[in-house]
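In: below is the sequence, then the predicted model.
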Amino acid sequence: MSIDYTGNLYGPMRLSLLSEWDPRREYSPWWSIQNIQLTKRIGDKIEIYGGVKNLLNWTPNKGNPFIIARAHDPFDKEVQFEADVQVMITPGNPYGLTFDPSYVYGLNQGIRGFLGLRYNLLK
């Protein structure tokens, strides 16, 4: 049986905000992705494996009101602009934002498990 463990640690990154009213954090927190896999060889040709990805169940939306600005309006149909092309703050857009997926900086999937079977044809 073999055990594989991988992990990455990421420090704070400066993130792009759309305006001074954007409620998202200007810097990301420290975060880490940890994975583990167990593999059992059965004979010369078969391996059974399983493991867990994102052991710490970390996603970037923790601590932020939202990650993708105006995800419900990707074509900005409900956004109102001033004459100088600045976004207006309205009741439907209280932060004066447009659709923006560029803020995503990490995994969007939480903890998940996997199982598998490998069969080697060449042995």
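Out: Great, that's in hand.
In: got the contact list for the closest residue to Asn120 other than its chain neighbours?
Out: Spatial nearest neighbour of Asn120, chain neighbours left out: Lys45 (4.8 Å); criterion: CB to CB, 6 or more residues apart in numbering. C-beta: built from backbone N, CA, C; applies to glycine. Taking CB atoms under 8 Å, 6 or more residues apart in numbering, we find Lys45 in contact with 119-121, 123.
In: so, low pLDDT: which residues of this protein?
Out: Scanning the chain for pLDDT under 70 picks out no residues.
In: in it, which spans are strands?
Out: Remark: strands assigned in the chain by DSSP state E are 2-10, 31-42, 46-53, 112-119.
In: any chance of JSON lines for these, columns distance to Tyr103?
Out: Below are the strands of the chain laid out as JSON lines (distance: least, CB to CB, whole Å):
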{"stretch": "strand 2-10", "distance to Tyr103": "15"}
{"stretch": "strand 31-42", "distance to Tyr103": "14"}
{"stretch": "strand 46-53", "distance to Tyr103": "23"}
{"stretch": "strand 112-119", "distance to Tyr103": "23"}
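In: Leu38 against Ser2, yeah?
Out: Yes: assessed by CB atoms under 8 Å, Leu38 is found in contact with Ser2 at 7.4 Å.
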